[in-house]
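[1] quick one: sequence and predicted model below, then my questions.
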Amino acid sequence: MPERLPAVPRPSVRSLTAAIDVVLLTPRDGAIAVLLTRAPDAQARDKWLVPWDSLRPEEAPEIAAARIARGALGAMPASLEQVGAFGDGRRHPGDARLSVSFVGLVPQGSSSAFGSAWVDVEKLPALAPRQRAIIDAAVEGLKRRIDQSPLAFRMLPTAFTLSELQAVYELVLGRRLHKASFRRALQAALLVEATEEWRSEGRGRPAQLFRYSPRRRRGLRRGVRFDQFE
């Protein structure tokens with residue numbers, strides 16, 4: 001029997017000034033998925049939530065975000081960074097006046113803690129308006145930065161095929177990429193190196209596995225520039 005992951009810690013129900021909201025994203029079933037948790041109260045207005053909580057005494061926002069992410073995943077995401085703050089009048093599940101939002105990128109195939117589920121960002125259930133806006137902003141930020149930073153590699157296992165890497169870029173960008181052009185752009189970026197491992201991808205010859213291994217070059221951006229090759 002597979003080991004049961006610990007239940008997701010539930011945020012305290014109380015009036016608060018600020019909340020930490022953590023958007024966790026991963027490629028899943030041909031889509032970008034976000035991790036949502038079930039509301040602890042079956043009668044709650046919001047049945048599904050972006051993982052969130054308030055700050056504990058003397059706790060820094062990034063420490064709180066790591067705690068919340070670990071509780072929702074059962075492990076730390078591959079990356080976690082603050083992306084913004086929302087202080088508008090849109091409703092939050094905890095009625096927080098301010099939300100400090102973080103986004104975490106999770107390798108493909110990762111599980112979640114008990115009480116959480118991965119949901120396609122294009123098929124979200126009803127959410128509190130501010131949390132829906134936080135998800136939209138996180139996805140848009142990922143799309144905007146995907147060719148400037150090596151974010152796609154945070155959404156894959158340590159070893160991956162180039163087809164898997166291209167699929168992540170296509171999911172985030174929302175468009176198909178020409179295979180040869182993608183590989184030329186990737187080669188120019190000096191971000192991957194081949195391993196001695198191979199994996200079968202259905203019919204045909206096995207595909208070689210690669211890993212993220214950026215090589216230093218002065219002035220080189222750590223992203224994959226598609227515009228130079230399309």
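    The structure has been received and is ready for your questions. As the structure is a computational prediction, the values presented were derived from the model and not from experiment.

[2] CA atoms for contacts and neighbours, from now on please.
    Will do.

[3] let me know the helix or strand that residue 33 is in.
    Using DSSP states H and E, residue 33 sits in strand 31-38.

[4] show me what counts as buried in that strand.
    Residues 31, 32, 33, 34, 35, 36, 37, 38 are the ones in strand 31-38 that count as buried (16 or more other Cα atoms under 10 Å).

[5] closest to residue 69 out of these?
    residue 35 (9.7 Å; Cα to Cα).

[6] helix, strand or coil for the closest residue to the closest one other than its chain neighbours?
    Computed as Cα to Cα, 6 or more residues apart in numbering, the closest residue to residue 35 that is not its neighbour in sequence is residue 118, at 4.6 Å. Per DSSP: H, G, I helix; E, B strand; the rest coil, the local secondary structure of residue 118 is strand.

[7] so which elements touch the strand holding residue 33?
    Strand 31-38 is packed against strand 18-28, strand 48-49, strand 116-120, helix 162-173, with contacts defined by 3 or more Cα pairs under 8 Å, 6 or more residues apart in numbering; DSSP states H and E.

[8] which ones are touching residue 80?
    Going by Cα atoms under 8 Å, 6 or more residues apart in numbering, residue 80 touches 66, 102, 103, 104, 105.

[9] thinking again about what came up before, dump the strand holding residue 33 to PDB, keeping only the CA atoms.
    Taking C-alpha atoms only, strand 31-38 is exported to PDB below (Å, rounded to 0.1, in the frame of the first residue of the first chain):
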ATOM      1  CA  ALA A  31      -2.000  21.100 -19.200                       C
ATOM      2  CA  ILE A  32      -0.600  23.400 -16.600                       C
ATOM      3  CA  ALA A  33      -2.200  22.400 -13.300                       C
ATOM      4  CA  VAL A  34      -2.500  24.300 -10.000                       C
ATOM      5  CA  LEU A  35      -2.700  22.600  -6.600                       C
ATOM      6  CA  LEU A  36      -5.900  23.300  -4.700                       C
ATOM      7  CA  THR A  37      -7.000  22.200  -1.200                       C
ATOM      8  CA  ARG A  38     -10.500  21.300   0.000                       C
END
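
[10] neighbouring strands - and their directions - for it?
    Sheet pairing for strand 31-38, assigned by DSSP bridges, gives strand 18-28 (antiparallel), strand 48-49 (antiparallel), strand 116-120 (antiparallel).

[11] what's the angle from the longest one to helix 162-173?
    The reference is to strand 18-28. Orientation check (axes from the mean of the first three to the mean of the last three Cα atoms, to 10 degrees): strand 18-28 against helix 162-173 gives 130 degrees.
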